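Enquirer: for reference, the sequence and a predicted model appear below.
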Amino acid sequence: MRSTIPEAPNSMRRLHPADAGRLRGMDPHLHSDKLSELTRLAETRAKALAALIAARDAGTITADTPKYVVCSDELPVAWLTVHAAVVTPDTALTPNQAKHQRLAVGALGDLHRHTLRELAGQRDRREGRRENDEAEYDEAMVGALRVAPATDPTRTTRVRVDADLTRSNTMVTAGLRGADTPTLIISANGYGHHRAHADWLALDAACAMHAVAVEHQVSLASVGDWIDAEEGLAGAVTAQTLPQRFRDAYLGRYTSRDAYARHRMDAHGWTVSLTESGMEPFFDQRGYQHHVFTREVTGIGGDRWRDGAGIEAFRRPQ
């Protein structure tokens, strides 16, 4: 699918095919026929690219194997290795190709988090650490983070953290064998929708989520679902404000939406009034429940459209 030059980097960040006319991004192993300039390049690094593609096609994968190539006017101007390293050829470029190269380097150096997770999983499987990748959905690993040094973002390890940020920082550093480099959180187990939808996860926010879960005796998944819900924080979470905002919004756990609606009626004295007046059979309980959960309260967990699964109730933002 064709795109504009400004749109192309978004596809490149996800390693999706990008076709902006003179600028293209592609999987070199699916489109080796489009890399025609490789056969004419005399520069050492560009010739090495052709050899690496040929080796990959023959089944040999190394740290330098190209995963994605960006071309400008048919010339490869940048590529990404299977270890997420960005490489540029030592070849003369036109001003337009140099502009495209800068754009490609910026995009490939800022991969989408889920793209990095996929590359990390592929590396784990190649290097015999399949259990590290499979732990992604292991219920026994709830609360663990998948972290990597920014200098080697596909070399991940699992680290358990808690509500204490200092202790969690120490555990992450130990998990990365003391690597003195910024840390990336590639993914997290059991942090609800926030885990899946956030552009990036922050350690201080993860610790704050643990603190909230302990304080209110709710699951990390419920905290993450509320953070990401449009009726919650809509994904805008900070470690400093999360605890108080959760306290202000959280109403408690109920067996169903109907149970919460009846609790509200009891609190307002309506149940007694309806019973004493004989009007209870005529009260539209379902309509009242619908009003509460579309105007005032949101329910996290269970089945949004069916009672019986249990919910965490929260005030909607005003």
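Expert: Structure received. Numbers count the residues shown, from 1 in each chain.
Enquirer: got the buried residues for the helix or strand of the chain with the lowest mean pLDDT?
Expert: Here the helix or strand of the chain ranked lowest by mean pLDDT, DSSP states H and E is helix 44-57, holding a mean of 80. For helix 44-57, the buried set under the neighbour-count rule, 16 or more other CB atoms under 10 Å, comprises 46, 49-50, 52-53, 56. Bear in mind the C-beta positions are built from the backbone N, C-alpha and C, glycine included.
Enquirer: how about those residues in TSV, adding distance to residue 122?
Expert: Formatted as TSV, the buried residues of helix 44-57 follow (distance: CB to CB, whole Å):
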residue	distance to residue 122
46	25
49	20
50	22
52	16
53	17
56	13
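Enquirer: residue ranges with poor pLDDT in the chain?
Expert: 1, 31-46, 179-180, 302-309 (pLDDT under 70).
Enquirer: quick one, helices of it?
Expert: Ranges of helices in the chain, per DSSP state H, are 8-13, 44-57, 95-108, 113-126, 130-134, 165-175, 192-197, 203-216, 220-228, 242-249, 257-268, 270-277, 285-291.
Enquirer: closest to residue 86 out of the ones you listed?
Expert: Nearest to residue 86 among the helices of the chain is helix 95-108 (4.7 Å), distances taken as CB to CB.
Enquirer: got the domain ranges for the chain?
Expert: By the record's domain assignment, the chain is partitioned as 8-111, 115-232, 247-315 (automatic domain parsing).
Enquirer: now those in CSV, with distance to residue 240?
Expert: Output for those, formatted as CSV (distance: least, CB to CB, whole Å):
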stretch, distance to residue 240
domain 8-111, 26
domain 115-232, 8
domain 247-315, 14
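Enquirer: contact partners for residue 15?
Expert: The contact partners of residue 15, taken as CB atoms under 8 Å, 6 or more residues apart in numbering, are 25, 27, 67-68, 80, 111, 115.
Enquirer: drop anything exposed from the residues you listed.
Expert: 25, 67-68, 80, 111, 115.
Enquirer: number of nearby residues for the nearest residue to residue 23 once chain neighbours are set aside?
Expert: Leaving aside its sequence neighbours, residue 23 sits nearest to residue 100 (CB to CB, 6 or more residues apart in numbering; 4.9 Å). When neighbours are counted by other CB atoms under 10 Å, residue 100 registers 25.
Enquirer: same deal with residue 262?
Expert: 17.
Enquirer: from now on call the first residue 893
Expert: Sounds good: first residue 893 from here, last item residue 1154.
Enquirer: wait, doesn't residue 895 sit right on residue 913?
Expert: No. With contact defined as CB atoms under 8 Å, residue 895 does not reach residue 913; the gap is 9.0 Å.
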